[in-house]
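Asker: return a 3D structure for these sequence lines:
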Amino acid sequence: MTSKTKKTVLTIVALLTLMPCMSQEEGQKKWGLQVEFGQTTLQNDDEATHDFYPSDDQGNTFAITADYYLKPRLALIGGVYFEQNGILTDYSGGIGLAKVNQMGLQAGAKFYFFPKKWIFQPHIGASIYTNFVNWDRKGNGDYRLTEGYPDSHLHVDWNVKCSPISIVPRFGFDIRLISTLSLTCGWDLRFPLGGSTKYNAHFTDGPMVGQKTFVKESLRQGVSIGIKMDFPAKAITSKTTNSLLMLLGSWISYKAGRY
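Answerer: Presented below is the predicted three-dimensional model:
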């Protein structure tokens, strides 16, 4: 058996030893606290003819939520969120030439498919998002581009009416790392009940001078990752600690063998 094969086998053994140590007894969890962050993508709903077609705008999202387990596989969700979406992401070094904020409360429920002793925990759910800002905001600006057509200038007029309520179906999964600590991943669709972001933009100089576009955005997609701690917290056993050290040692040995 080669050295590389031995290291691979050692890593597999460590993982197999670790997995049952990290499992939880069915029904043990009462509530959980989660912090997550990610990216939003805004879909352009307008089908009119444009002189140029910017890609879907991007944004950032952050949330702190709490889970309350009604049953081992069914939990209520509540928390706060902050969302910042860009206007004309294609032509900015960040998320957009201008930014539109949304923030508020969220509440809903989610259902887990697998028994709680499993390490991998997919779930499906839905929430209601409330929004307290930018219900009606108009403005304009002139911008010097850093992306797309650098040093050209765009004039943008926007009309933002963020919906006070959005319906958000969500699919995600948790991967238990240690005891009651999990890595979380999620994907959602944010359907506003009315409201949208509309803007007109046209080039005032450069190779695209006179070219214009109109964008109307309402539906947002969100992708996020995070960390969740379930309570009551379960103490890390010496067996789990030893397995983690074994896994870490095999990884270090593998890296050292490459150099």
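Asker: CA only for contacts and neighbour counts going forward, please
Answerer: Noted.
Asker: mind checking how far Phe132 is from Ser163?
Answerer: Distance of Phe132 to Ser163, computed by CA to CA, to the nearest Å: 9 Å.
Asker: cool, and His155?
Answerer: Distance from His155 to Ser163, counting by CA to CA: 25 Å.
Asker: neighbour count winner among these two?
Answerer: With neighbours defined as other CA atoms under 10 Å, His155 and Ser163 compare such that Ser163 has more, 23 against 15.
Asker: and the nearest residue to the more buried one once chain neighbours are set aside, what does it touch?
Answerer: Ranked by CA to CA, 6 or more residues apart in numbering and with sequence neighbours excluded, the top spatial neighbour of Ser163 is Gly195, at 4.6 Å. Gly195 makes contact with 135, 160-163, 218 under the criterion CA atoms under 8 Å, 6 or more residues apart in numbering.
Asker: among those, which one lies nearest to Thr41?
Answerer: Nearest to Thr41 among the contacts of Gly195 is Ser218, at 10.3 Å by CA to CA.
Asker: out of everything not next to it in sequence, what's closest to the closest one?
Answerer: Ser196 (4.6 Å).
Asker: and the gap between Gln39 and Asp230?
Answerer: 25 Å.
Asker: now Asn85
Answerer: To Asp230, Asn85 is 31 Å away according to CA to CA.
Asker: so for those two, which residue has more residues nearby?
Answerer: Neighbour count, other CA under 10 Å: between Asn85 and Asp230, Asn85 has more, with 24 against 20.
Asker: any idea how far the closest residue to His155 other than its chain neighbours lies from Ala98?
Answerer: Residue nearest to His155 in three dimensions, not counting chain neighbours: Asp142, with 4.5 Å by CA to CA, 6+ apart. Separation of Asp142 from Ala98 (CA to CA): 10 Å.
Asker: neighbour count winner among those two?
Answerer: More crowded of Asp142 and Ala98, by other CA under 10 Å: Ala98, with 18 against 15.
Asker: domains of the chain?
Answerer: Here the domain assignment for the chain is 1-24+235-259, 27-233, based on automatic domain parsing.
Asker: reformat those domains as TSV; add mean pLDDT.
Answerer: What follows is the domains of the chain, written out as TSV (pLDDT from 0 to 100):
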stretch	mean pLDDT
domain 1-24+235-259	56
domain 27-233	93
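Asker: please save the CA atoms from stretch 151-171 in PDB.
Answerer: Provided in PDB are the C-alpha atoms of stretch 151-171 (Å, rounded to 0.1, in the frame of the first residue of the first chain):
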ATOM      1  CA  ASP A 151     -14.600  55.600 -18.200                       C
ATOM      2  CA  SER A 152     -17.900  56.000 -20.100                       C
ATOM      3  CA  HIS A 153     -20.700  57.700 -18.200                       C
ATOM      4  CA  LEU A 154     -24.300  56.500 -17.600                       C
ATOM      5  CA  HIS A 155     -27.300  58.600 -16.500                       C
ATOM      6  CA  VAL A 156     -29.800  56.500 -14.500                       C
ATOM      7  CA  ASP A 157     -33.300  57.400 -13.300                       C
ATOM      8  CA  TRP A 158     -34.900  54.900 -10.900                       C
ATOM      9  CA  ASN A 159     -38.300  54.400  -9.300                       C
ATOM     10  CA  VAL A 160     -38.100  51.900  -6.400                       C
ATOM     11  CA  LYS A 161     -41.200  50.600  -4.700                       C
ATOM     12  CA  CYS A 162     -40.100  47.700  -2.400                       C
ATOM     13  CA  SER A 163     -43.000  45.500  -1.400                       C
ATOM     14  CA  PRO A 164     -43.900  45.500   2.400                       C
ATOM     15  CA  ILE A 165     -44.500  41.800   2.200                       C
ATOM     16  CA  SER A 166     -42.900  38.900   0.200                       C
ATOM     17  CA  ILE A 167     -43.700  35.200   0.100                       C
ATOM     18  CA  VAL A 168     -40.500  33.100   0.200                       C
ATOM     19  CA  PRO A 169     -40.400  29.300  -0.500                       C
ATOM     20  CA  ARG A 170     -37.100  27.800   0.400                       C
ATOM     21  CA  PHE A 171     -35.100  24.600   0.000                       C
END
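Asker: fine by me, we can end here.
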